[in-house]
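Asker: give me the fold of what follows.
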Amino acid sequence: MDATQDRRIMMISTHGYVSANPEFGKPDTGGQVVYILELAKCLGRLGFDVDIYTRQFEDQPQREVVEDRVQVVRIPCGGRDFIPKETLCDHIPQWVENAHEYIKKNEFEYAFINSHYWDAGLAGQSLSNILGIAHMHTPHSIGAWKRDNMDGDPQDLEGKYNFARRIREEKVIYDECDVLIATTPQQRDILKNGDYDVPSDKIRVIPPGYDDTRFFPVSTASRQTLKQQLDAEGPIVLALGRMAHNKGYDLLIRSMPYVLQRVPEARLILAVGSTEPSARETEQIDELRELTRELEIGESVLFRDYIPDDLLPDYYRVADVFALSSRYEPFGMTGVEAMACGTPTVITTEGGLWEQVMWGMEAIYANPFDPNAFGDAIATVLQYPQIAAQLAKYGTQKARARFTWTGIAQQLLRVLESVEPRVRLEQSEEPQVGPRAAWAVDPAEEELWKTAIS
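Answerer: Numbering: from 1, shown residues only. Presented below is the predicted three-dimensional model:
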């Protein structure tokens, strides 16, 4: 397939607050939104018109311009209230019907669909079947891997995360889509084995990217000035992101006593949460504060809550170590952004990034479930300037060589060359949409489904 024959691309990310200037930390709004926006912008600069389809709710406008050639298109379903990503799948059939009507009304023709996460994968495959265009799916997170790496009571986790249905739906999406985009070699291996059994020739490994016009090193003098401005003087360990159990902030706090044994003046900045935290987020942050008191390190941990996007690069720059301590992490985009800013980075071995860096040169990785080991890794960087300088230099070089958005967009377009053109389905007034697993289907309709998804 030659994507240059049609210069319009449909990207789908149905959950969370997707906007031109998203407020990170809002429910279901984090690294995936960054991924989609930045990839769309790069595709726009390469000459494509990019429509980012998402769900419309609350008082959001239907259309929002991101920049030249890139817009957000919001399609309603499921009412006006926010719906968590774990249960949004129930409303995807309505979303697909409304999206299809919008596309017909505007007479849009797309080169391909790129969907993100399993809820959008259901929508993307349905529209792919209807419109007869290629569907590239990027899982970001994989249900079976998340299920197997979460601690807690299995029944409670199932009730909260809907794993059984998610994995069943993912299997169908992965079987039917044209290409699966894994963000790491680890994801590729999970997709090939276990619950999914995806053929190797369907999977391409393309890592996430970062904006190299925003995330870059500055001079030591500039860093010192920023430290004063942001009240971050002295040895600073930084962790930031949305408030979620999988991010492992409690594990990082438990590692800090080992850091303080070696570097007593060190401080941890935890920039987590949002401007409008939910009751559960507030409860989790209170639990973290209580943990610092139990460990008697309360004065060494600074809670900064939500950081506006325009200040994010400067927060990376004031840190002497950035710590990514996730219990599981499909990739770890914040780690790459920190490396790009010249900040020495300690990352989790429970994710996808550690396999793509050289230990001791570009970053250091350790197991966050071992507080002693993770704390010692952080303390080593703080104690030895030569190690910190080496990580800053080669970490920046690695980020620029491997993870810029322009390179990621070009890789995505090259993948299309291997995709066979699809045949458009015959349309009726109420078209059959799929994939089958998106909602319950009566067994009597089985043959109709087989025809629709073939």
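
Asker: and T275, what is it in contact with?
Answerer: If you count contacts by C-beta atoms under 8 Å, 6 or more residues apart in numbering, T275 has them with E23, G25, D305, Y306. (Each C-beta comes from the backbone N, C-alpha and C, glycine too.)

Asker: could you do L157 as well?
Answerer: R147, M150, F163.

Asker: among the contacts of T275, which two are most distant?
Answerer: Farthest pair in the contacts of T275 (C-beta to C-beta) is E23 and D305. Separation: 12.2 Å.

Asker: shared neighbours, these two?
Answerer: Here E23 and D305 share the contacting residues S274, T275, scored by C-beta under 8 Å, 6+ apart.

Asker: how about low-confidence regions in the stretch 1-150 of the chain?
Answerer: 1-6 (pLDDT under 70).

Asker: in a helix, Y316, correct?
Answerer: Yes - looking at Y316 with DSSP: H, G, I helix; E, B strand; the rest coil, it is inside a helix.

Asker: for the chain, which segments count as strands?
Answerer: Taking DSSP state E, the strands of the chain run over residues 8-12, 49-56, 63-67, 70-76, 112-116, 134-138, 179-182, 203-205, 236-241, 267-272, 301-303, 321-324, 345-348, 364-366.

Asker: dump the residue contacts of S325.
Answerer: A239, K247, G248, Y249, L251, L252, S255, T348, P368, F374.

Asker: in CSV: the residues you listed, plus distance to V65 and pLDDT.
Answerer: Below are these laid out as CSV (distance: C-beta to C-beta, whole Å; pLDDT from 0 to 100):
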residue, distance to V65, pLDDT
A239, 34, 96
K247, 32, 91
G248, 37, 93
Y249, 35, 95
L251, 41, 96
L252, 38, 97
S255, 44, 98
T348, 37, 93
P368, 40, 94
F374, 43, 97
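
Asker: would you list the residues you listed in JSON lines and tack on neighbour count and distance to H116?
Answerer: Below are those laid out as JSON lines (neighbours: other C-beta atoms under 10 Å; distance: C-beta to C-beta, whole Å):
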{"residue": "A239", "neighbour count": "22", "distance to H116": "25"}
{"residue": "K247", "neighbour count": "25", "distance to H116": "20"}
{"residue": "G248", "neighbour count": "26", "distance to H116": "23"}
{"residue": "Y249", "neighbour count": "27", "distance to H116": "25"}
{"residue": "L251", "neighbour count": "20", "distance to H116": "27"}
{"residue": "L252", "neighbour count": "27", "distance to H116": "27"}
{"residue": "S255", "neighbour count": "28", "distance to H116": "32"}
{"residue": "T348", "neighbour count": "27", "distance to H116": "22"}
{"residue": "P368", "neighbour count": "30", "distance to H116": "26"}
{"residue": "F374", "neighbour count": "28", "distance to H116": "30"}
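
Asker: nearest to E290 among those residues?
Answerer: Y249 (12.7 Å).

Asker: distance of Y196 from P139?
Answerer: Per C-beta to C-beta, to the nearest Å, Y196 is found 10 Å from P139.

Asker: who has more neighbours out of these two?
Answerer: Set Y196 next to P139 and count neighbours by other C-beta atoms under 10 Å: P139 wins out with 25 against 21.

Asker: and the gap between the more buried one and G31?
Answerer: 13 Å.

Asker: same deal with D310?
Answerer: To G31, D310 is 17 Å away according to C-beta to C-beta.

Asker: quick revisit: so can I have TSV of the strands of the chain showing distance to D286?
Answerer: TSV is the format used below for these (distance: least, C-beta to C-beta, whole Å):
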stretch	distance to D286
strand 8-12	36
strand 49-56	30
strand 63-67	35
strand 70-76	34
strand 112-116	32
strand 134-138	35
strand 179-182	37
strand 203-205	40
strand 236-241	17
strand 267-272	12
strand 301-303	10
strand 321-324	21
strand 345-348	24
strand 364-366	27
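
Asker: Q386 is nearest to which of those?
Answerer: strand 364-366 (13.6 Å).

Asker: which one of the contacts of T275 is nearest to I36?
Answerer: Closest to I36, out of all of the contacts of T275 and judged by C-beta to C-beta, is E23, at 15.2 Å.

Asker: need the contact list for the closest one.
Answerer: By C-beta under 8 Å, 6+ apart, the residues touching E23 are Y17, T29, S274, T275, Y306.

Asker: now, of the residues you listed, which are buried?
Answerer: For the contacts of E23, a burial check counting by 16 or more other C-beta atoms under 10 Å picks out Y17, T29, S274, Y306.

Asker: how is this protein divided into domains?
Answerer: Per automatic domain parsing, the structural domains of the chain span 3-209+406-453, 220-403.

Asker: what's in contact with stretch 399-407?
Answerer: Here stretch 399-407 has contacts from 38-39, 41-42, 45, 207-212, 215, 336-337, 339-340, 356, using C-beta under 8 Å, 6+ apart.

Asker: what residues sit buried inside it?
Answerer: So, applying 16+ other C-beta under 10 Å, buried residues of stretch 399-407: A399, R400, R402, F403, T404, W405, T406, G407.

Asker: now for those residues: which two are most distant?
Answerer: A399 and T406 (13.1 Å).

Asker: E420 is nearest to which of the strands of the chain?
Answerer: Closest approach to E420 among these (C-beta to C-beta): strand 134-138, 8.1 Å.

Asker: on contacts alone, who are the packing partners of that closest one?
Answerer: If you count contacts as 3 or more C-beta pairs under 8 Å, 6 or more residues apart in numbering; DSSP states H and E, strand 134-138 packs onto strand 112-116, helix 117-131, helix 163-176, strand 179-182.

Asker: no more questions from me, cheers.
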